[in-house]
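*Asks:* Pasting the sequence and the predicted model now:
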Protein chains: 2
Amino acid sequence: MSGEDNLLKLVEAEEPEDHDYLLQEQVGFILRKAHQRHVSIFAAHIGDLTPPQFAALAKLRDVGETSQNQLGTLIAMDAATVKGVIDRLKARGLVELSKHEVDKRRLLVNLTPEGRDAIERLIPLAREITQETLAPLSAKEIATFTKLLAKLA
Amino acid sequence: MSGEDNLLKLVEAEEPEDHDYLLQEQVGFILRKAHQRHVSIFAAHIGDLTPPQFAALAKLRDVGETSQNQLGTLIAMDAATVKGVIDRLKARGLVELSKHEVDKRRLLVNLTPEGRDAIERLIPLAREITQETLAPLSAKEIATFTKLLAKLA
DNA sequence: TTGATATCATTTGCATACGAATGAGTTTCC
DNA sequence: GGAAACTCATTCGTATGCAAATGATATCAA
């Protein structure tokens, strides 16, 4: 069979290196690429806000006023990262900060009216982003994929 | 039916906000968390190299000497990003740079002997990283997930 | 009550990640 | 042959992302 012959030729070709470790097949590498693709789709739909900034606004809409740290926990950002995100949202007038009356360590974050308007306006676009990200999959595949991805996250 | 009554109560409860957009359910958000988890697992196994740095070394092992840009394409990094990664690998003596004789625009990158030793030594650890990342899934689920993830990436 | 411990926030330092602009070299094509 | 278009690399600016160190405040427990 010439097919097998060709296979042998390929395997034995050139250098004696065994490339049985293939970067393109490792979850971490594919995960990074899938994430990149999603961020790119996000940017195409929502140009003036990053995914983390959007996440902060969306979560504040869900839970209302919270401490900066607590918000970070809810959107999976460490303290240093969430600070930068909130600083930039505050500079744009989308969130406002205040000190917790009782626990003086806490910095409370809340949506401004502009922030609330923004997130309500953006949510329909976010639905499109999710759809476009999942567009390569069928409805059944989407259900399966989402379930398995959630297990990994 | 008390089930329906409870449902109505939930829907009508408190504030008139409809939170039918749930951040935690959006692919982008879960993708970001899954990626974070993988990076964390990677760091626990390979502390002195980042996933992008590892990817660069692993790909150089596969393809041998290439231009910096071409390498970037192979590991999904834009020109600006790959430059930083290669700079740091060069500073540590894991790769070496040279000018392309014919096309003077190109900067050729290759593994040094130290770089080759390093990547050969790290590949077994990388296999463990892949395994641990996928540990929450069964063998069948891993096959399904990997296939679907690849479609998205 | 006070001393150890824990939590919240900030800062610094380093490493991706990417858009945009720039400069140098190469290819295309008329 | 030469101008236009393209490619490779670098630089700048901005935005995550995280470890580690620090300071302020709170909580717990002896």
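*Replies:* Received it, and whenever you're ready, just let me know what you need.
*Asks:* Where do the strands of chain A begin and end?
*Replies:* Listed in chain order, the strands found in chain A under DSSP state E are A:66-67, A:95-99, A:107-111.
*Asks:* who wins for proximity to chain B among these?
*Replies:* Counting by CB to the nearest CB, chain B lies closest to strand A:107-111 out of these; the figure is 11.8 Å. Just so you know, the C-beta spots here come from the backbone N, C-alpha and C atoms, and that holds for glycine as well.
*Asks:* buried ones in the closest one?
*Replies:* Along strand A:107-111, these residues count as buried under the neighbour rule (16 or more other CB atoms under 10 Å in any protein chain shown): A:107-109, A:111.
*Asks:* now, which of these lie close to DNA strand C?
*Replies:* A:107-108 (CB under 7 Å from any atom of the strand).
*Asks:* What is the nearest of the buried residues of strand A:107-111 to DNA strand C?
*Replies:* Using CB to the nearest atom of the strand, the shortest approach to DNA strand C within the buried residues of strand A:107-111 belongs to A:L107, at 3.6 Å.
*Asks:* Tell me the residues of chain A that contact DNA strand C?
*Replies:* A:32, A:36, A:39-40, A:43, A:67-70, A:79-80, A:83, A:100, A:103, A:105-108.
*Asks:* Are any of those residues buried, and if so which?
*Replies:* For those, burial is judged from neighbour counts taken by 16+ other CB under 10 Å, and it is met by A:32, A:36, A:39, A:68-69, A:106-108.
*Asks:* Including distance to B:R116, could those residues go into CSV?
*Replies:* Converted to CSV, those look like this (distance: CB to CB, whole Å):
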residue, distance to B:R116
A:R32, 24
A:Q36, 28
A:V39, 33
A:Q68, 46
A:N69, 45
A:R106, 52
A:L107, 50
A:L108, 54
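*Asks:* so can I have TSV of the residues you listed showing distance to DNA strand D and pLDDT?
*Replies:* Converted to TSV, those look like this (distance: CB to the nearest atom of the strand, whole Å; pLDDT from 0 to 100):
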residue	distance to DNA strand D	pLDDT
A:R32	11	98
A:Q36	11	98
A:V39	8	98
A:Q68	12	98
A:N69	10	97
A:R106	8	98
A:L107	10	98
A:L108	13	98
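*Asks:* Filter those down to the ones in helices?
*Replies:* In helices, judged by DSSP state H, the following of those are found: A:32, A:36, A:39, A:68-69.
*Asks:* Nearest to B:L23 among those?
*Replies:* Set against B:L23, the nearest of these by CB to CB is A:V39 (15.6 Å).
*Asks:* What separation is there between A:L122 and chain B?
*Replies:* Going from A:L122 to chain B by CB to the nearest CB, to the nearest Å gives 10 Å.
*Asks:* Now that that residue has come up, it's in contact with A:F54, right?
*Replies:* Yes. Under the criterion of CB atoms under 8 Å, A:L122 makes contact with A:F54 at 6.5 Å.
*Asks:* where do the contact lists of those two overlap?
*Replies:* Common neighbours of A:L122 and A:F54, using CB atoms under 8 Å, 6 or more residues apart in numbering or on different chains, are A:I46.
*Asks:* Have a look at the two and say which one is more surrounded.
*Replies:* Counted by other CB atoms under 10 Å in any protein chain shown, A:L122 and A:F54 do not tie: A:F54 has more neighbours, with 26 against 19.
*Asks:* Name all residues that make contact with the more buried one.
*Replies:* Counted by CB under 8 Å, 6+ apart, A:F54 has contacts A:42, A:46, A:119, A:122, A:126.
*Asks:* pLDDT added to those residues, as a markdown table?
*Replies:* Compiled in a markdown table, the contacts of A:F54 are given as follows (pLDDT from 0 to 100):
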| residue | pLDDT |
| --- | --- |
| A:F42 | 98 |
| A:I46 | 97 |
| A:I119 | 98 |
| A:L122 | 98 |
| A:A126 | 98 |
